[in-house]
Structure formats: structure tokens, C-alpha cells
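Participant: Quick one: sequence and predicted model below, then my questions.
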Amino acid sequence: MPLVQVLADGLVVGAMIALGAVGLTLVYAILRFANFAHGELIAWGGYFALSLLTLATGWLGLEAGGIGGLSIGWALLAALAGAMVLTAALGIGLDALLFRSLRRRGGAITLIIASFGAALALRNLIAFLYGPTPTYYSRAIPMALPLLPEEVAAVTGQIRMTPDQLFILGLTAVLVVALHLFLSRSTLGRAMRATAENPDLARLFGIDTRVVIRWTWAIGGMLAAVAGVCFGLTAQVRPQMGFDLLLPLFAAAILGGIGSFHGAVAGGLILGVAESIGVHLIGAEYRQAVAFVVLIAVLIARPAGLFGERD
Amino acid sequence: MSALLDVAGLEAGYEPGLPIVRGASLTVGEREIVVLLGPNGAGKSTLIKAIAGLVPASGGSVRLDGRDITGVRADRLPGMGLAFVPQTENVFGTLTVRENLELAAAILPRSRRAEAVARALALFPDLAAQAGLRARRLSGGQRQMLATARGLIVAPRLILLDEPSAGLSPKLVDDVFRQLVRVRDSGVSILLVEQNVRAALAIADRGYVLVDGRERLSGRRDELEGNPAVGALFLGGVPAGEAA
Amino acid sequence: MADLLGIGAYLVFFLVVALNYAVACLGLNLQWGYTGLFNVGVAGFFAVGAYTTAILAGPDYPGQFGGFGLPFPLAWAGAMAMTGLVALVVAVPTLRLRHDYLAIATFGIAVVIQLVAQNAQWLTGGAFGLNLPRPLFDAVGDPVLWNLLYLALSVLVVAVLYVGLETLAQSPWGRVLRAIREDEAAARSLGKSAALFRIQAFVLGSMIMGLAGAMYASFVGFISAQDFLPILTFQVWTMLIVGGSGNNRGAILGAIVVWALWTLSGRVMGLLLPAEMQARGAALQIVLIGVVLALLLVFRPGGILGERRQVSRHL
């Protein structure tokens, strides 16, 4: 396989990791704990979309077929939008039922073990409700298109990507730019940055930090749902999918400097490419080991991450 | 006539059953600078944070303009006319000067925000020149100015300041305190915690001396300045001669 | 009479497994209860101990690494040493950093160990797993009697660990660990040596988990990747939290109580659900235990997690 193809595949995986890692890092920045349940938001996003897809094609009669060369049709887009809302609600609900009362009393450690327990419960709830068998949004087999002109491909090797993969890259780019503008320009976005830096001072500025926390979960949940649906599109929808993504998410967030939005995006893309190269060299079964190696290397060489500023 | 701020028998602390403020009472009138003095560990900072809603009150009451604000969430107080500027970490270092001010102005109606930010920058010309700079790059004096400007931006009736002179050079302390007099003259009342007794009493209208979580002495500036007991309370801190 | 014997035999089996968990729980207590170290990879260290035992003590298979046929005391010692080594790999880069990083790194090592267990056929047997002889099984002859003897051995191991850990807790070493846990500032003032103490406690605790894995492998005589899923980590944590962390007696008691509840709820689930739902029933059981743990954390936090006071860090 030409190197450019390995890199391109890595970027697609990296885009999904980045979407997850951004949510993870935002929750870390605002609430200051490593949320082991974040992967399950991704899985739930994927399954919400699966259920809504059935609804959309069955009851609403939306066309199941894809738009253009995509396997994604209006039905799946509607399901994605619905899944984003539901996953945001799941995040907010999880916080209201579990994390909020623990925050008031214990330290970050209690939150970590609680999130670990919540992760197991959420993951197994999927297995209970949907069964353990992997499934797909669409049975269509997408056609991979050559992207590079022949003259270039003759030198570098050809890149082939499916329309779905290009859609994932485009959607991720749009979401990242939108979130960047939100965090830098909007009052709520600035309030989130302020709360991340110093929650007590944020309250003195008149910021209701409870609202900020709810939005943090909402944004993290929505991005997780997108990541889940993208994962379902390119791989499969399965109960383990969130768990399988968790280590790459953490590695990406720490690589970028935990708490840093831009760092999480960059960390996700770098990690995706690293995984792709790793899979190319040692085989797909050790994909997650790449994330672990990156994680340990960052912790040894530069624990603040590539872009981190704070301790 | 009731005072603008009326604190009565306030008890507050970080841990249940361990109050640091133990029944403190004080008032701040309209257009008045009131200074809160006291030895280290007397509970001055805790008292001011309890008034600002950052430390839970376990007894007593806080009234602002006759309205009970005991236990009101800290984030609602700026909108009710009370601003608090902490001693340290009082601006957001990762936001620019302008972003800090715009964020504080966000509780105002949309139409008044831009004007409020412009007014704050006009009050502190030094800041206006640095508006695009991240606040962590400011000097200590500039940072204190930004913190004060932030407190004033919502046009509060009362501003609480925790040691605005901390860490500043004597020249800057004079600047900051002169600024406070102008703020008072513009119609804002000020409650001020200070270690720098002489400089604080120089601009204050009245003062309280807090010991062991409640007020031990109080009076007009001249009464406190002439009271040897004030100096005696600062043994090891500020020499008696300096306070008297 | 036969029923009574059956129940007795089952009770012996149950207790051996429960004490097996208790050993792992004691290891976690040394890390979390004594030192405040957050290990989310219990299953991984347990697995290293189990696989090392199987490789060292197991019979020789063609194309398979290991089969050294070592006597059990040596295999168990090797298992502990190997687990300690793996723990060192995680501990050295992370223990000078924030506690979250240790949690994430231990989670990572457990994932990697799980991958190796599933895929490295030459080492772990992959999906086929590994067989190993059960110590003195043939010499004893009667399986029920052998279980009883193994229970006696388990009791002995737990007793020795208990006395050893209690002695350690009272020693100057144990007091330093507690100081590190209680007081971040004190820990920081100890600087490098605090990290050294943390590493020692972490490695020793992991070795005890490795021993638990070794005992498990020797008891069941067959291991595969399915035995070391993340649920194992969660079970051991629940045991420690229910029993009361920082308390060795609690760790042992918690292991027995939680394993009893786990077994019972599994039985109930098995009776209530039709056969085709059994796999989903196992999932539901985990959901319920997860909810119970969450409720415990929310409603019984004091005394359960040794909650620490936290005053606002800001202003």
C-alpha cells in the first residue's frame, strides 16, 4: 500500500478520534477529571442513530439510499441529528444523576471510579438492549475513488477514498472550525474557557457555571455522537466500539495537552495517522497498542503534551 | 435610613462546624469607602468572600439595599449590583484584556455591552493600549487595574476589593488608591480589605477592625487613626506608630 | 445427605474463588487504600500473573512458548516477578504526574495485555487459551478433597498477606505511604523520594494481584483471554469500596460479600431469563452492579472511599 494511502486512512480514523478527544478534553478542562465513560457516549451515539435510522426509514418513509456516491442518505443524516441531541441529553443526564453530587463531596478520584462504573453499565446496557452482535447502517459497499491525478499518483502512489470517508473528513473539518469560532468568539464559548481556567472567578464574572457544565456535556455528547456514527459508517456498530476507542481518545487528548481544544484535534489526527502506520507495520489486531505506546512516550518525554500550557 | 450593605451577625466558614467568621456585623453606606482591617487570620478575606457568595454562610444575614442576599449564588450578585475583586487570580490569564471585559459585560443587555467596555477602557488608559494582550502577560499593576475595571464594568452599587495593593510598588499603590477615590466619587461604594493600614485609612471614610472573626473596633477614619488600640492590634504586622 | 455434600462442595469452590478475589483486593488496597494510587488495570496485572504461571508450570506444546514444567512455588514466584516488572513499566513514567495519568496508563496497559492475550497465539494460546496442571491434583485424586486442600492453601495465603500488610502498614514505610496519600503538599516536599515510595507501593500491590492471577490459573487449570476482561477490574474495585478502602479486613470481607452477591444475582438472572436471553442477562447483571456502585458512591461516600476534604483551590 502506498504511504500516501496509509496517511489518508489514518486521517479518517484520526478525525473520529479527534471528535471524541475534543469532548473528553473539554470535560477534563471544565470538570477536572478523566471521564472513562466518554467512549460510551460514542457507542450510545452510534446506537441512537441506529434506532432513529429504523424509525426514519420505517415510519417517516425517508429514503434509505445514499445521496450521490455516499452510503449516507437523508434518513441517516436525520438519524445523526437526532442522535446528537439524544447523546447530549445522555451526557447531561449522567452528570445530573451521578457526577454532580460526587463533585460536591469527593475529589477527582471518586469521579474517575464512578465514570469507570458508569462506562461498564452503559456498555452492557447496549449489549442488553441491542444484543452483542455487530451491525451496520447500510449494506451498500461503497466505491473507493482515486483522488490524485495520474501524473502525481505515478510518483507518490494513488490515494483511494470512499465518498463516506471524504464526508467524514469534511464534516470533522466543519465541526472543528465551528467549535473554534464558538470558543473564541461567543460569550458562552468564552465563559467555557473562563470556567476551565478558574471556576470561582467565572462565577464572580456573573457566569452561571452550571449552565457552562451542561453545555460542556452537550457539546461533548454531540461530537461523540458524530464520532460514533462515523465509526459505524467506516467500521461497524458494536457494543464494544466506545471501549475500543477510549485508549486512543485518552492518548490523543494527552498528546495534545489535556484540556486543550486545539491540542485534542491535532492529537487525534496525529494518533490516527500513527495507528494507521502501526497497523500497516504490525497488523490490525494491535491497533490499540499504538495508542498505548504514544501515551507512554508522551508521558515520559512531555507530560504537558505538545500544545499544553498548564501543568 | 438603611445602609447600602448591611451585614448582621454573619457566620461563615469552609467546613461545617468550623466558622472562621463568627458573628461579624458591618455596614457600608452610599458613596462610602469602608476599610476592613485586622491581623492575619482574623477572617477578613473569608468575610468578604462570604458577602460575595463564595463561602457559605451558616448564620446571620447580608442585605444589599434592603434586599436579603444571604446565600444568593455568587454568579447572580454582579447583576444585583455587587461586584467582588479577589486578591489574586482575579483576571483570566488565557483571555485577552478586551475578552475579560467583554465577558464581564455579558450580563448587561446586549445594547449596553460595547459602551460599558469602552467606558472601562477609558477609565484606565494603560489598559486600552493593551486591549489585545492576553491578561497573563500584563504587569502586576495593570492586572490589578484590569481586575478593578472588570468589577466596575457592570456599574455596581458596591464593589468589594480584597487587598488591591498586594504585591504593588508604593507608587502603584498610590495610583490604585487615587483611582478608588474617583470610583467612590462616581457613586460606587467600596468595601476594602487591606494590610496596608496607612494607605487604606488615608482614603477611607470609615473602618472596622476584625479580630477572631468579628469586629472589635469601628469608627470614622479619624477615630481609628487616633486610637492606640488599632496600632496595638497589629503587633508584628504594621508598627503601632504607622497606624496611629 | 448428598445435597448437603453438594452444597458443601459448592461452598468450598465459592470460597476459593472469593479468596482469590480477596488477594487481588488486598493488592489494590495497598495501592489505593494505603497510598492513594489509582489502578484501573487490575485485570491486566491479574492476567500477567495467570499467564506467567501457565507458561512456567504448563506442559510443552509444539509451536508454543513456555512449557517449562516448573514446580508451582517457582511458577508463582515467577508470576509475581513478571507482574512486578510490568507494573514498573507503567509506574516509572506516570507516578510523578497527576493521579489521572496513572489511571489512564493502567487502563492502557490492561487493554494491551488483553490484546496480547487474545492475539499472541505463540505466547498466550490466543483464543484457545493455555492448559496447566493443577498442583498435586493427581496425587490427591479426589477433586472435592483437592478443592478443600486448595481452600486451605488460599486461607493460608490470605492470612500471610494480611499479617504482612498489617505489619507493613504499621512500619515507618507504611506511615510514609499514608502521609503521601493524606497530604499532597507533604508528598511534594518529599519530592523524588515520594515518587520512589509510590513506585514501591504500586509494584508491590501489582505483584500481589499477579499472585492472585497465579492462584486462579492453578486452581482452574485452564485460562483464556475471556477470564481477564475489564469487568474483573471493576469487581475488585467494588469489593474494596464495599469493604472500606484502607482496611485490609474490609478488603477481604468485601471480596467475599460482593462475590456472594455477584454469584447470587447471576443465579437469579439465570432463573428469570429464558435460555436465549442468558448472554444478555450477563450484561444486565453488570449494569445492575454498576448502578449499585454508583448509588454507593453517591449515597455512602463517607467512610467508603475515605473521602478527602477539599477547599476551593482558587481565590
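Facilitator: Sure, I can see it.
Participant: Tell me where the chain has helices.
Facilitator: Picked chain A for this. Remark: helices assigned in chain A by DSSP state H are A:3-31, A:38-58, A:74-94, A:100-105, A:108-130, A:150-156, A:163-185, A:187-197, A:199-204, A:209-234, A:241-255, A:261-282, A:287-301.
Participant: ah, no, chain C please
Facilitator: Using DSSP H, helices in chain C cover C:2-28, C:42-57, C:72-94, C:99-119, C:121-124, C:137-140, C:143-170, C:172-182, C:184-190, C:192-220, C:230-243, C:248-272, C:278-299.
Participant: Highest mean neighbour count out of these?
Facilitator: The highest mean neighbour count among the helices of chain C, using mean count of other C-beta atoms under 10 Å in any protein chain shown, belongs to helix C:42-57: a mean of 30. Backbone N, C-alpha and C define where each C-beta goes, glycine included.
Participant: and the angle from that helix to helix C:2-28?
Facilitator: 110 degrees (axes from the mean of the first three to the mean of the last three C-alpha atoms, to 10 degrees).
Participant: which regions of the chain lie under the pLDDT threshold?
Facilitator: Just so you know, I chose chain A. A:64, A:106-108, A:308-311 (pLDDT under 70).
Participant: my question was about chain B
Facilitator: Where chain B drops to pLDDT under 70, the residues are B:1, B:233-244.
Participant: who's in contact with the residue nearest the centre of it?
Facilitator: For chain B, the residue nearest the mean C-alpha position is residue B:161 (1.6 Å; C-alpha atoms, centre = their mean). For residue B:161, the contact set (C-beta atoms under 8 Å, 6 or more residues apart in numbering or on different chains) comprises B:85, B:148, B:151, B:180, B:190-193.
Participant: Same check on residue B:224?
Facilitator: Neighbouring residues of residue B:224 by C-beta under 8 Å, 6+ apart: B:37, B:201, B:207, B:209, B:217-218, B:230.
Participant: for chain A, what are the nearby residues on the stretch 1-150 of chain C?
Facilitator: By the rule C-beta under 8 Å from any C-beta of the partner chain, the part of the stretch 1-150 of chain C lying against chain A is C:36, C:38, C:40, C:89-90, C:93-94, C:97-101, C:103-105, C:107-109, C:111-112, C:115, C:118-119.
Participant: circling back: can you classify the residue nearest to the centre of chain B by secondary structure?
Facilitator: Secondary structure, DSSP: H, G, I helix; E, B strand; the rest coil: residue B:161 is strand.
Participant: With mean pLDDT and distance to residue A:287 as new columns, can the helices of chain C be given to me in TSV?
Facilitator: Output for those, formatted as TSV (pLDDT from 0 to 100; distance: least, C-beta to C-beta, whole Å):
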stretch	mean pLDDT	distance to residue A:287
helix C:2-28	91	28
helix C:42-57	96	17
helix C:72-94	94	20
helix C:99-119	92	8
helix C:121-124	89	18
helix C:137-140	85	40
helix C:143-170	94	37
helix C:172-182	83	36
helix C:184-190	67	37
helix C:192-220	93	25
helix C:230-243	89	17
helix C:248-272	88	32
helix C:278-299	81	24
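Participant: Would you mind putting the ones you listed into CSV with distance to residue C:130 alongside?
Facilitator: Shown next, in CSV, are the helices of chain C (distance: least, C-beta to C-beta, whole Å):
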stretch, distance to residue C:130
helix C:2-28, 18
helix C:42-57, 4
helix C:72-94, 12
helix C:99-119, 10
helix C:121-124, 7
helix C:137-140, 16
helix C:143-170, 19
helix C:172-182, 36
helix C:184-190, 41
helix C:192-220, 8
helix C:230-243, 17
helix C:248-272, 24
helix C:278-299, 24
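Participant: looking at the ones you listed, which is closest to residue A:49?
Facilitator: Residue A:49 sits nearest to helix C:278-299 of all the helices of chain C, at 20.6 Å, using C-beta to C-beta.
Participant: what's that closest one packed up against?
Facilitator: Applying 3 or more C-beta pairs under 8 Å, 6 or more residues apart in numbering or on different chains; DSSP states H and E, we find helix C:278-299 packed against helix A:100-105, helix A:108-130, helix C:230-243, helix C:248-272.
Participant: residue boundaries of the strands in chain B?
Facilitator: Taking DSSP state E, the strands of chain B run over residues B:5-12, B:21-28, B:33-37, B:57-64, B:67-68, B:82-85, B:158-162, B:189-193, B:206-211, B:214-220.
Participant: Let me see the contact set for residue A:95.
Facilitator: By C-beta under 8 Å, 6+ apart, the neighbours of residue A:95 are A:213-214, A:217.
Participant: Most neighbours of all those, which one?
Facilitator: Ranked by the number of neighbours (other C-beta atoms under 10 Å in any protein chain shown), the contacts of residue A:95 place residue A:217 first, at 28 neighbours.
Participant: before we move on, back to that, which one of the strands of chain B lies nearest to residue B:140?
Facilitator: strand B:82-85 (14.1 Å).
Participant: isn't residue B:28 right up against residue B:188?
Facilitator: No - with contact defined as C-beta atoms under 8 Å, residue B:28 does not reach residue B:188; the gap is 10.8 Å.
Participant: between those two, which one's more packed in?
Facilitator: Comparing residue B:28 with residue B:188 by other C-beta under 10 Å, the one with more neighbours is residue B:28, at 26 against 23.
Participant: What's the separation between the more buried one and residue C:109?
Facilitator: Distance of residue B:28 to residue C:109, given as C-beta to C-beta, to the nearest Å: 59 Å.
Participant: Check residue A:69 too.
Facilitator: Going from residue A:69 to residue C:109 by C-beta to C-beta gives 42 Å.
Participant: Alongside chain A, which residues does chain B contribute?
Facilitator: Counting by C-beta under 8 Å from any C-beta, the residues of chain B close to chain A are B:52-54, B:73-79, B:83-86, B:89-95, B:99, B:102-104, B:106-107, B:150, B:154.
Participant: again, only using 6 Å
Facilitator: B:54, B:74-75, B:78, B:84, B:89, B:92, B:94, B:99, B:103-104, B:106-107 (C-beta under 6 Å from any C-beta of the partner chain).
Participant: Name the pair among those with the greatest separation in space.
Facilitator: Maximum pairwise distance in those, criterion C-beta to C-beta, is 22.6 Å, between B:54 and B:99.
Participant: residues in contact with the residue in the stretch 101-250 of chain A that chain C sits nearest to?
Facilitator: Residue of the stretch 101-250 of chain A nearest chain C, by C-beta to the nearest C-beta: residue A:121 (2.9 Å). For residue A:121, the contacting residues are C:287, C:290-291, by C-beta atoms under 6 Å, 6 or more residues apart in numbering or on different chains.
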